[in-house]
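Student: let me see the structure of the following:
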Amino acid sequence: MTQYRLLLQQVRTLGRYTDDEEAERVLHAVLAALGSQLTGEERCDLAAALPERARATFALQAQLPETVAAPAFVEAVARTLKTSLTAARWDASSVLAALTNLVGDRLTDRLLAHLPRGYALLFGRADLTVAA
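Tutor: Modelled structure (predicted):
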């Protein structure tokens, strides 16, 4: 099984999608939105870790990225998929959790360090802050 099929299968399982087509539609919508959020080494390292078909979608967002807060990211996914915010949050979390499994904790930690607060929950992680 190819790395792309494994990623797609994981998204389908985590998101409880009924078929591969639905999982693939969600995967590509979330990757396109994520591609518009990342810059620098983290963007390059994530692109290198993605299977080729997923990388193509992620890399389409070649214009200057505009990082937005997690709620706006979910809204962008909802607009793309023409779904509710609740469903889009589920979709984003399904894909981002699968990405965490694919790329590992170290790269995920680096991605989260460069994204605004609030994304950790979408990656299936606690959103902890240091107390003053």
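Student: quick check: residue 11 touching residue 98?
Tutor: Yes. Between residue 11 and residue 98 a contact is recorded at 4.7 Å, counting by CB atoms under 8 Å. For every residue, glycine as well, the C-beta is placed using N, CA and C.
Student: what touches both of those two?
Tutor: Residues touching both residue 11 and residue 98 (CB atoms under 8 Å, 6 or more residues apart in numbering) are residue 27.
Student: next structured bit after the biggest helix by length in the chain?
Tutor: Scanning the chain for the helix with the most residues, using DSSP state H, yields helix 85-103. Sequence-wise, the next helix or strand downstream of helix 85-103 (DSSP states H and E) is helix 105-114.
Student: for that following helix, name the packing helices and strands.
Tutor: Applying 3 or more CB pairs under 8 Å, 6 or more residues apart in numbering; DSSP states H and E, we find helix 105-114 packed against helix 40-49, helix 119-122.
Student: for residue 66, which of those helices is the nearest?
Tutor: Closest of the helices and strands packed on helix 105-114 to residue 66 is helix 40-49, at 13.1 Å (criterion: CB to CB).
Student: how much space separates the residue most central in space within the chain from residue 113?
Tutor: The structure's the chain has its C-alpha centroid closest to residue 96; by CA atoms, centre = their mean the separation is 3.9 Å. Plainly put, residue 96 is 15 Å away from residue 113 if you go by CB to CB, to the nearest Å.
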